[in-house]
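A.B. asks: below are the sequence and a predicted model for it; my questions follow.
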Amino acid sequence: MNQQPGRSGLIFNEPLLWEKSREGRCAISLPNSDVDRVELDPELTGDAPELPQLSELDVVRHYTRLSQWNFGVDSGMYPLGSCTMKYNPKTNEVQAARQGFAGAHPFSGDEFSQGAMALMYNLEQYLAQITGFNAVTLQPAAGAHGELAGMLMIHAYHAKMGKQRSKIIIPDTAHGTNPASATLCGYESINVKSGEKGILEPEIIAAVMDEDTAGIMVTNPNTLGLFESNIKEIADIVHAKGGLVYGDGANMNAIMGIVKPGEIGIDVLHLNLHKTFSTPHGGGGPGSGPVAVTKALEPFLPIPRVEKKLDSYKFVTDCPDTIGRLHTFYGHFGVMVRAYSYILSMGAKELKNASTLAVLNANYIKESLKGTLNLPYDLPCMHECVFNDEFQKKDHITTMDMAKRLLDYGFHPPTVYFPLVVEGAFMVEPTETESKEDIDQFINAVKAIVKEAKDDPEKLKKAPLLTKVTRLDEVTAARKPCLRG
Amino acid sequence: MKEINDLNLPDDVKYTKDHEWAKQDSDTVTVGINDYAQDQLGEIVFVELPEVGDAFSEGDEFGSVESVKAVSEMYIPISGEIVQINEALEDAPELVNESCYDNGWIIKVKPDDVSELDNLMDKAAYLDMLKG
Amino acid sequence: MRYLPHTKKDIETMLKVAGHSSLDDLFNCIPDDLKTKNTIDIPESLSEWELNAHMEDLASANIACKKYNCFLGAGSYDHYIPAIIPYLISRSEFITAYTPYQPEVSQGTLQGIYEFQTMVTELLGMDVATASHYDCGTALAEAALIALRKNKKVNKIAVSGLVHPSHRQIIHTYISPTGYEIIEIPYTKEGLTDVGALKGMDDIAGIAVQSPNFFGNIEDLKIFKTIADEKKVLFITSFTEAIAYGLLKNPGSFGADLVAGEGQSLGITKSFGGPGLGLLAGTKKQMRNLPGRLIGKTKDANGDDGFVLTLATREQHIRREKASSNICSNNGLNALTAAIYLATTGKIGIREIAQQNHDNAVYLKTSLEKVGFESAFDTPFFNEFVMKVPEGFEQKRDALINDKCTFAGISLEPFYPELKNHYLFCATETISKDDIDQLAKEVQ
């Protein structure tokens, strides 16, 4: 039990693709051509692109070796705060790969795409049920894209009301995407501080909310892992001045079946299917960022929308108040299939159970580590908790050093240096799919590292020691960018 | 990071509250960021420069300096036209760290009104500001 | 539930440590009036086998479930996907990793995307390519914003009417809230962007042209570059069929400042239109204006080569409200898929596949002409082209789908109301001569 998962093993060096390339090799089975060759005007054609020339085994070995340098949820615990790195069920992959879905052309026509459209329609209904909203769009391709969609709807709503507004309130605990999305709509961000208890105070919002402010962007639970318990009062203040409340649903994994954001004053909410609904992160994407809205905002949803008439589905584009189109086709359909499979596998009861256990796991870690690491906000947390390196300062050990050392112990580090309101933040989100034994191993690893910080700080400064590469020179990477081989 | 007393703050330049420095040569004013600013930012990886011929009013943002994980805007201490930029910074932004008052200067401005420099702080006033 | 590992005993122990008496107690920090009184009204949970049956039902309700002949393009293309691609990309170290924020344990993703960036620059003849975007439409909208923000005096961008209709709509969605506008460049009777009309357009911040364009025709990018230079504005090109650049002269050789493209053709399933792969590339001068992730090569503390996310100061988590884009992901797994595809086809394969696309499309066009279809434009094309169809074609087309699983082209009327009875046809390397002969016979 005390043995940690991390250890060194045999990994392979592997050069860049073009270093393996040899003139004349080709790894694809070329189709037999049975029509005449027709040369295009040489004015229009160029030389063949200088792509690497490899055999099939060259390619297979290359990517197999590369994969072995990666850490994934399937390799070990990945308690990256705010990212919800839960287990990605394998049956989801099987469903998405079905020929009827994977092979479907987006312009096949409604009549011949009823299965895909039924799935989209149902998924919209399920997400509306989970969040307590009236309608959902699945079109946004990622969380940030959903956020943009939501802000564009707020923008369109105010335009429709006859007077555009110029500002938007954003708390200091917000994700960096919030102000960036607001800027894309031409709104100036009004930054407000959370109160002493790490949550927003209604008085602070009342002081800045006026009739030139489009609304507020709130993440609930917030990035400190705390529930914004004044949300209803804050929403009332914003609504009284004609503003709208944007909910960042990145942390929905804490409250499924407990709180429905649509019932507590939020007007528009984005979800991340790749967080709460178990679709894989894929090394950075593709994700999917559906947006749920109240009845008042439904006319502004992006087009096309899926409608059900009797038992058949069709795409509708005739929506005069729509914000328009955000994706070439209908969004990341393949990701939707996976999330749909997940929701059907879970059912309402297990979704609520998932949130409950995610919160249990986080609170268990918080209590188990709170003497070991400093806990700036010692309050009951939701699905994640935020520590920092205050106790280690006297040994000149930083959050980064501890994070790097965790790699040697076989864990992916938590999110570090975010949220910005906690200096040296160390933000742990275990998710519900980690077992008590794995969490205990993680807790023991952190405790061992904190002990090392006192006894052998140099070791931490040099960590990680077991990985393929050690700490990388990011300064030179940015000073003299080398972005292609 | 350096203690306030360890900062290199020459007497022959003027300081702004945003930690730029300005120095009058013959008919131009040279502008850079001071030792405190470069030390706070850490290793500088990129300097975003204006173009020669651009005109600014005092207090306008004229460029930015970047470390790996931070961006800091620079504000012009005097109204005028950019007559020269330090092109060496394009390939060697580290000059700002190594020599912020000398090889790491950033722009030269032809001032509209040189007396605006009188609004800036001298070393003593700037130190008082840092100490709060 | 098989995804939830907690035993009853675990829960008891953990609750005790956490200082709570029951699971419900964990939510005491939420005021009661904010808790929902309603259950989640969705179907009961399904076993894996029930799920399989349900999903196969849905999948079968799509015609694509059968072997079908796809003469459809318009932004989504049917190409062979070699077996090694799904095999390699299914490795869970790729699928279940997050953004490579900890480079020491993410070198697989990082080197893979660095190689992707390199091969994209090679394909397009550009200096820099990003780690990818959502799709071509969103990448093109980002490119338009770069041009508009750079030029503070004007608020319009000229976009060819032969840029994919969805892409034009996306640009509009992205730029209009901040007061920017699109001026649409009309098209000529040759099915090309109207150069003369563009020349008369003043006060623009950039020019965006798609080649091959939405009609499949190959644009003369050289002329547009000349005009962009005369007007001193950015020249943006786009494309929906990446395989075309296995054969055609690349946009970099025409002096494009920014290139936005769709990479779905590079080993990625059509998947009802997404996720695809947004490509975005630029000249060195545009490097710091490009939104989205970039991977760079560097050294580790031991002096060994390694890769990291770099130039992060352009991004939203640092620049916040000053960031030019809010993008904070990339279609990473699809970028890796495209990289594997490009490595698999290589220099020889991509050329041959591109040539076969062109050959098949020419054969398809000639065959349709022989049975009474009329060529709409007499202009060189890659693998798509427009035909005016004979009367009664629409009924035959529906029957072909139902009876033979053959999708014969896409009607252009919904996109260009003036083009009644015009269809956009596509032929890739997956179409055989027999398939084409069969189609010609059926629509005769």
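C.D. replies: Yes, it's here. Model, not experiment: these values are computed from the prediction.
A.B. asks: was I right to think A:K370 contacts A:P376?
C.D. replies: No - using Cβ atoms under 8 Å, A:K370 makes no contact with A:P376, being 10.7 Å away. All C-beta atoms are positioned from the backbone trio N, CA, C, and that covers glycine.
A.B. asks: and for these two, which residues touch both?
C.D. replies: Taking Cβ atoms under 8 Å, 6 or more residues apart in numbering or on different chains as the criterion, A:K370 and A:P376 both touch A:F387.
A.B. asks: any idea of the pLDDT on the most centrally placed residue in chain B?
C.D. replies: With distances taken as Cα atoms, centre = their mean, the residue of chain B nearest its centroid is B:G32 (2.3 Å). Here the pLDDT value assigned to B:G32 is 96.
A.B. asks: likewise the one 3 residues further on?
C.D. replies: For B:D35, the pLDDT comes out at 96.
A.B. asks: ok, C:C405 next?
C.D. replies: Taking C:C405 on its own, its pLDDT is 89.
A.B. asks: measure how buried it is and give me the count.
C.D. replies: As a burial measure, C:C405 scores 16 neighbours (other Cβ atoms under 10 Å in any protein chain shown).
A.B. asks: could you do the one 5 residues further on as well?
C.D. replies: Neighbour count for C:I410, taken as other Cβ under 10 Å: 25.
A.B. asks: pairing partners for it in the sheet, please.
C.D. replies: Here C:I410 sits in beta bridges with C:L424, going by DSSP bridges.
A.B. asks: and it, how far is that from chain B?
C.D. replies: To chain B, C:I410 is 46 Å away according to Cβ to the nearest Cβ, to the nearest Å.
A.B. asks: just checking, that residue touches A:P106?
C.D. replies: No - if you go by Cβ under 8 Å, C:I410 and A:P106 don't touch, sitting 10.2 Å apart.
A.B. asks: domain parsing for the chain?
C.D. replies: By default, I'm working from chain A. A:9-22+A:49-68, A:92-345, A:349-476 (automatic domain parsing).
A.B. asks: meant chain C, my bad for not saying
C.D. replies: C:63-80+C:347-443, C:85-341.
A.B. asks: okay, now the sheet partners of the helix or strand where the residue nearest to the centre of chain B lies, with direction.
C.D. replies: Per DSSP states H and E: B:G32 is located in strand B:29-33. Applying DSSP bridges to the sheet, strand B:29-33 is found paired with strand B:20-24 (antiparallel), strand B:107-111 (antiparallel).
A.B. asks: report the buried residues of the first one.
C.D. replies: Okay, so that is strand B:20-24. Neighbour-count burial for strand B:20-24, counted by 16 or more other Cβ atoms under 10 Å in any protein chain shown, picks out B:E20, B:W21, B:A22, B:K23.
A.B. asks: quick one on the thing from earlier: the helix or strand following the strand holding B:G32 close to chain C?
C.D. replies: The helix or strand immediately downstream of strand B:29-33 is helix B:35-41, counting by DSSP H and E. No - legend: contact between helix B:35-41 and chain C by Cβ under 8 Å from any Cβ of the partner chain is lacking; minimum distance shown is 11.1 Å.
A.B. asks: and if you look at stretch A:253-269?
C.D. replies: Yes - counting by Cβ under 8 Å from any Cβ, chain C has neighbours in stretch A:253-269: A:I255, A:M256, A:G257, A:I258, A:V259, A:K260, A:E263, A:I264.
A.B. asks: can you put those in CSV and add secondary structure, pLDDT and neighbour count?
C.D. replies: Listed next are the residues of stretch A:253-269 next to chain C as CSV, based on DSSP: H, G, I helix; E, B strand; the rest coil; pLDDT from 0 to 100; neighbours: other Cβ atoms under 10 Å in any protein chain shown:
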residue, secondary structure, pLDDT, neighbour count
A:I255, coil, 98, 29
A:M256, coil, 98, 24
A:G257, coil, 97, 20
A:I258, coil, 98, 19
A:V259, coil, 98, 25
A:K260, coil, 98, 24
A:E263, helix, 97, 17
A:I264, coil, 97, 22
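A.B. asks: low-confidence bits of the chain, can you list those?
C.D. replies: Picked chain A for this. A:1-2 (pLDDT under 70).
A.B. asks: chain C is the one I meant
C.D. replies: Across chain C, residues meeting the criterion (pLDDT under 70) sit at C:65-66.
A.B. asks: gap between the residue of the stretch 201-350 of chain A at minimum distance from chain B and A:Y121?
C.D. replies: Relative to chain B, the nearest point of the stretch 201-350 of chain A is A:T223 (17.8 Å; Cβ to the nearest Cβ). According to Cβ to Cβ, to the nearest Å, A:T223 and A:Y121 sit 33 Å apart.
A.B. asks: tell me which of these two has more neighbours.
C.D. replies: A:T223 (28 against 18).
A.B. asks: pretty sure that one sits against A:H175.
C.D. replies: Yes - the pair A:T223 / A:H175 is scored as a contact, 6.8 Å apart, by Cβ under 8 Å.
A.B. asks: nice, that's everything, thank you.
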